[in-house]
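**Q** Sequence first, predicted coordinates after that:
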Amino acid sequence: MRDPIPTWFFALVVVRLGRRFLVVRERKHGQKWYLPAGRVEPGERLVDGACRETLEESGVSIVVEGILRVEHTPLPDGTARCRVIFVARPADDAAPRATADSLGAAWVTLDELDALDLRGDEVRDLFHHVANGGPIHPLSLLTVEGAPIR
């Protein structure tokens with residue numbers, strides 16, 4: 001019998017408000033700008049992790065609307081990383097702000113992204129995908145084992 005593969009699960013969130021997207025300035029990773037993201041806690045559903053991370057990093061409550069993609073990456077050390085990238089909208093009109101988990105948060109347009117020191121080009125790619133009407137998959141794609149197929 002083989003040992004289980006230790007796997008870290010992460011929720012990343014593209015939060016859109018009209019033409020603007022939510023970015024957070026991270027306390028780690030070189031204090032660069034990124035989208036709300038973080039590791040899902042033990043016993044936490046992925047979508048709940050997405051909501052929690054966004055609130056903790058930006059002060060913005062969200063309504064998750066769909067899934068952009070699911071990424072699974074085996075790592076050289078024998079572990080793996082699974083990232084679910086969600087699409088969401090703000091639940092209310094709370095302004096983004098710095099929190100204990102971030103140095104700041106802001107709504108930015110695609111043009112304004114160019115002035116930010118981003119952690120990676122994936123931020124720009126994901127935002128452009130959503131802004132250009134790329135496919136977003138239903139939340140029903142994620143479910144628990146044994147759930148009825150509808």
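**A** Alright, I've got the coordinates. Predicted, not measured: the structure shown is a model, and the values here were computed from it.
**Q** Give me the spatial nearest neighbour of R89, chain neighbours excluded.
**A** Once flanking residues are discounted, R89 sits nearest to V63: 5.5 Å by CB to CB, 6 or more residues apart in numbering. (Glycine included, C-beta is placed from N, CA and C.)
**Q** E44 too?
**A** Of all residues not flanking E44 in the chain, R52 sits nearest, at 7.4 Å (CB to CB, 6+ apart).
**Q** The one you found and I62, how far apart?
**A** 10 Å (CB to CB, to the nearest Å).
**Q** ditto for V144
**A** For V144, the distance to I62 - CB to CB - is 22 Å.
**Q** The two: which is more packed in?
**A** I62 (24 against 6; other CB atoms under 10 Å).
**Q** OK, contacts around the closest residue to that one other than its chain neighbours?
**A** Using CB to CB, 6+ apart and skipping residues adjacent in sequence, the residue nearest I62 is A88, 4.0 Å away. Residues counted as contacts of A88 (CB atoms under 8 Å, 6 or more residues apart in numbering) are V13, V14, V15, R16, A50, C51, T54, I62, V63, V64, E65.
**Q** ok, now with 6 Å
**A** A88 sits next to V13, V15, I62, V64, E65 when contact means CB atoms under 6 Å, 6 or more residues apart in numbering.
**Q** can you put those in CSV and add secondary structure?
**A** Formatted as CSV, those follow (DSSP: H, G, I helix; E, B strand; the rest coil):
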residue, secondary structure
V13, strand
V15, strand
I62, strand
V64, strand
E65, strand
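**Q** Filter those residues down to the buried ones and hand me the ChimeraX line.
**A** A single ChimeraX command selects the buried members of the contacts of A88 (16 or more other CB atoms under 10 Å):
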select :13,15,62,64
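**Q** any idea which of the contacts of A88 is closest to H29?
**A** Looking at the contacts of A88 and their distance to H29, the nearest is V13, at 16.3 Å (CB to CB).
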